[in-house]
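Peer 1: For reference, the sequence and a predicted model appear below.
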Amino acid sequence: MDVWTLVFDGASNALGHGIGVVLVSLEGNFTHITARLCFDCTNNIAEYEACALGLQAVLERKVKVLEGFGDSTLVIHQLKEEWETRDNKLVPYKEYIHKMVEHFEQIDYYHIPREDNRLVDALSTLSSMFHISGKDQPLIRTESRDQPIHCCVIEVEQDGKPWYHDIKVYIQKNEYPIGASETDNRTLRRLAMGFFLDGDILYKRNHNKVLLRCLHEISRSNT
């Protein structure tokens, strides 16, 4: 069964009110959505706003089967029809979401601890802290790095060759740079042990034994 995942959270604090949503597609792609609520509301209302925003985004993608996760015990149990919705301010949200649920073939809600919902919690808190003019929302890009940014700097020698040119030539042809000393050659052999050549593409092994494609090779292959 093709199941998408929706994780939502709302934040209400002295700085304002915000909501955050993360959608996870079948392929494992993440979509982050945030919004600032420019009206007075409780934390429970913010939770419902976040859920509704996420459901709208999922319906736009014509998803039929969904698993929803939130850290609000009250909202999750009310969405699952296990608890009554007695707060008059929450009743319209419950009815609105119920209408959207009719467009799904199956939707299941699950409660998760707050500590397992840190990403969406951070998004909702972030959106509550800043005033944004108009309807434009900033793009939030999340990436993972396994080494300091200065290690990714591409150094080009005066002759136009990348920093790893001698390493690549040594691996390809077992040749040393012209005029290099024995000490330089010994250093080159040691450095080459940390690289791997696949065809004409040079990769660097990191500490986790993962092959990292050299940035210069990527940029050249894309031109």
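Peer 2: Yes, it's here.

Peer 1: so what's the residue of the chain positioned farthest from its centre up against?
Peer 2: In the chain, counting by C-alpha atoms, centre = their mean, Gly179 sits farthest out from the average C-alpha position, at 48.3 Å. Contacts for Gly179 (C-beta atoms under 8 Å, 6 or more residues apart in numbering) come out as none. Any C-beta I mention is one placed from the backbone N, CA and C, and that applies to glycine too.

Peer 1: Kindly report the same for the one 10 residues further on.
Peer 2: Applying C-beta under 8 Å, 6+ apart, we find Arg189 in contact with Tyr170.

Peer 1: Any figure for the gap between it and Arg118?
Peer 2: Distance, Arg189 to Arg118, using C-beta to C-beta, to the nearest Å: 45 Å.

Peer 1: And the residue farthest from the centre of the chain, how close does it get to Gly194?
Peer 2: For Gly179, the distance to Gly194 - C-beta to C-beta - is 24 Å.

Peer 1: Which helix runs longest in this protein?
Peer 2: If you go by DSSP state H, the chain has its longest helix at helix 43-60.

Peer 1: in that one, what counts as buried?
Peer 2: Across helix 43-60, burial judged by 16 or more other C-beta atoms under 10 Å covers 44-55, 58.

Peer 1: Could you export those as JSON lines, including distance to Thr31 and pLDDT?
Peer 2: Listed next are the buried residues of helix 43-60 as JSON lines, based on distance: C-beta to C-beta, whole Å; pLDDT from 0 to 100:
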{"residue": "Asn44", "distance to Thr31": "25", "pLDDT": "94"}
{"residue": "Ile45", "distance to Thr31": "23", "pLDDT": "94"}
{"residue": "Ala46", "distance to Thr31": "20", "pLDDT": "92"}
{"residue": "Glu47", "distance to Thr31": "19", "pLDDT": "93"}
{"residue": "Tyr48", "distance to Thr31": "20", "pLDDT": "95"}
{"residue": "Glu49", "distance to Thr31": "17", "pLDDT": "93"}
{"residue": "Ala50", "distance to Thr31": "14", "pLDDT": "92"}
{"residue": "Cys51", "distance to Thr31": "16", "pLDDT": "94"}
{"residue": "Ala52", "distance to Thr31": "16", "pLDDT": "94"}
{"residue": "Leu53", "distance to Thr31": "12", "pLDDT": "92"}
{"residue": "Gly54", "distance to Thr31": "10", "pLDDT": "93"}
{"residue": "Leu55", "distance to Thr31": "14", "pLDDT": "94"}
{"residue": "Val58", "distance to Thr31": "10", "pLDDT": "92"}
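
Peer 1: on that earlier part again, quick one: the residue farthest from the centre of the chain and Asp166, what's the gap?
Peer 2: Gly179 is 12 Å from Asp166, by C-beta to C-beta.

Peer 1: One more: Phe104?
Peer 2: In terms of C-beta to C-beta, Phe104 sits 59 Å off from Asp166.

Peer 1: These two: who's more crowded?
Peer 2: Asp166 (21 against 15; other C-beta atoms under 10 Å).

Peer 1: Spatially nearest residue to the more buried one, not counting backbone neighbours?
Peer 2: Pro177 (5.2 Å; C-beta to C-beta, 6 or more residues apart in numbering).

Peer 1: who are the neighbours in contact with the one you found?
Peer 2: Asp166, Val169, Asp184, Leu188 are the contacts of Pro177 under C-beta under 8 Å, 6+ apart.
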